Each structure stands twice: as structure tokens, then as C-alpha cells.
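Participant: this one's sequence-less:
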């Protein structure tokens, strides 16, 4: 049996005993203990097969945190921003919890969370030692409840939800994600008609905020932003001002603004957020460039107001 995805481990803990690296250790056999002490029982089951190496990541033995927490330490080549100064940990939690929610929130694991236990994934880059803690609990696993980004907006002291349609007002600025397959120029025109402009993220914090608070998390979308190098190839401007792309790249898993054949790049003058945390340039129409897989058209845009 292959253990290829660390996020699926909590769901599969009852069936992955065959992946054990500790054949001399006996697996727990009294499942009645689970209802009495789910935290210690879950830890006992997991540590029967840990530590485990997979896809460049090592999951070390899990351990308790207080009476209700279970910490999963994961160490490896995990892309964590080098400088977390100014970033909101809850935004990072919200983003990674969205990924984890899709993987581990099955009925079997929900029973664990309903008992009050929560799981904390502790991601650590083995080279830089940069670390992010991500909590998944019963609230995180409520698919049919309010979207997690809205809960975050309402609970954050500097962010408050002002409209039910992804319009968020914060100390950074006010934004709105608008769903619709339109060209970049049409998106720009609509943004102006709304009294704003296509968003111009100027920092890592702002890029995270737009990507993980303003835009949908449960059902990720691509979205036009205001960056364009239409005037000078490779020089990215937003509202006529040059943007520090390198600072934004700190939060991106990949960047495809200036990568491609020269004749093709001459046409790809407009930037958008990708489904994962990245940037891609396309022609004004929004059609996906040759050689790339993904959404065929850009699905929306983000408006910003000063």
C-alpha cells in the first residue's frame, strides 16, 4: 500500500497499518478506548506507523497538545515564505485548512473532531526552519456552513465583512471579487464603472489577503488583476506605476509572467491569479497560453478601492 499524500493520513489511519515502519510494535486493538480517550487512541494508532517518508516530506511521530490537540510534525522541502513578518497567521491557516479540509474531512475523521479533538499540522522547511501551524477541527470541516473566509473576516479585528458578495473592507484596502469570464480590458472597464480599479497587490501581505480572504477558497477561481506589461515588455505596471514583482513572488508557488517564447510573450500582456498561489500572463481575451494546462478562460477579476 502506497502512502503518497500526508493530508490523507488522518482519514486512513485505521487502514494504513500495513505501511508501518515498526513491525515489532503491536498496533492498538481496543477500539473501545477511542470513545473514551480519542486523543491518546488516535496518537497511538498514528505512531504505530510513524515516522514515515514520502514525496520529500517526513512525518515525524505525532504528539498531544493539551487535552484536545494532536500535532502532526511535517518536515521537508515545503514552500514556506522566507519572511512572515506582517503576514496574518489566520490567513495562512485559512488557506491551508481549505486544502486539508478537502482531504481529511471524511465521516470517519469527523467523528474524531466531533469529540472536540483538533489536528494541528506543523509544516517546517528543513533548510530554512520556517514554520507554519495549520489547525483543522470540526468547524473547519463544515462544508455546508458559512465560507471560512467570511468567518475569518468577521472575527478579525481589522477586517470586517461589508457585503455578502466577497466585498471585504480592511486596513489594507477594500476589495471585491467579481465572477465572470471577461477579457482583461472588459474587467478593467467594469472595475472603473464600479468606482475602483483592477487590484494592484503591492506587498506579500496584500497578495495573501486578496488571494485567501477576498477570493473564494472552497472553489478556487482564476482572477484578473491590474498588472500589465503592455507598454514595455517585461516591465509590469499597475495604474501606470511599476510594481515590485519580487516582493509579491515571496508568497507565490510559481510565477509565469515572463516565461515563454518571445513572440508569444509579446501578446501575453495581462496578469491573473491562478487557481493555486501563482501568477500567469495571458492575452487580453483570457485564453490560456499554449503549452499550459488549466482553466481555459480567466473566471473573474478583483476590484480595489482606495
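Facilitator: Structure's in. What do you need? It should be emphasised that the depicted structure is a prediction, and the values quoted were computed from it without experimental measurement.
Participant: hang on, isn't residue 231 packed against residue 237?
Facilitator: Yes: contact status for residue 231 versus residue 237: in contact at 6.4 Å, counting by CB atoms under 8 Å. Every C-beta, even on glycine, is put in place using the N, C-alpha and C of the backbone.
Participant: Domain map for this protein?
Facilitator: 6-136, 162-305 (automatic domain parsing).
Participant: Quickly, which of these bottoms out on average pLDDT?
Facilitator: Mean pLDDT is lowest for domain 6-136 among the domains of the chain, at a mean of 68.
Participant: neighbour-wise, which of residue 231 and residue 237 wins?
Facilitator: residue 237 (16 against 10; other CB atoms under 10 Å).
Participant: Name the residues linked to that one by a beta bridge.
Facilitator: Residues in a beta bridge with residue 237, per DSSP bridges, are residue 228, residue 242.
Participant: Check the spacing between it and residue 270 real quick.
Facilitator: 11 Å (CB to CB, to the nearest Å).
Participant: what touches both of those two?
Facilitator: Residues touching both residue 237 and residue 270 (CB atoms under 8 Å, 6 or more residues apart in numbering): 227, 228.
Participant: Let's verify residue 208: helix, strand, or coil?
Facilitator: helix (DSSP: H, G, I helix; E, B strand; the rest coil).
Participant: Excluding residues flanking it in the chain, which one is nearest residue 50?
Facilitator: Residue nearest to residue 50 in three dimensions, not counting chain neighbours: residue 61, with 5.0 Å by CB to CB, 6 or more residues apart in numbering.
Participant: Residue 244 now?
Facilitator: residue 202 (7.0 Å).
Participant: wait, the one you found sits on residue 242?
Facilitator: No: in this structure, residue 202 is not within contact of residue 242 by CB under 8 Å, at 10.5 Å.
Participant: So for the two, which sits in the more crowded spot?
Facilitator: With neighbours defined as other CB under 10 Å, residue 202 and residue 242 compare such that residue 202 has more, 16 against 10.
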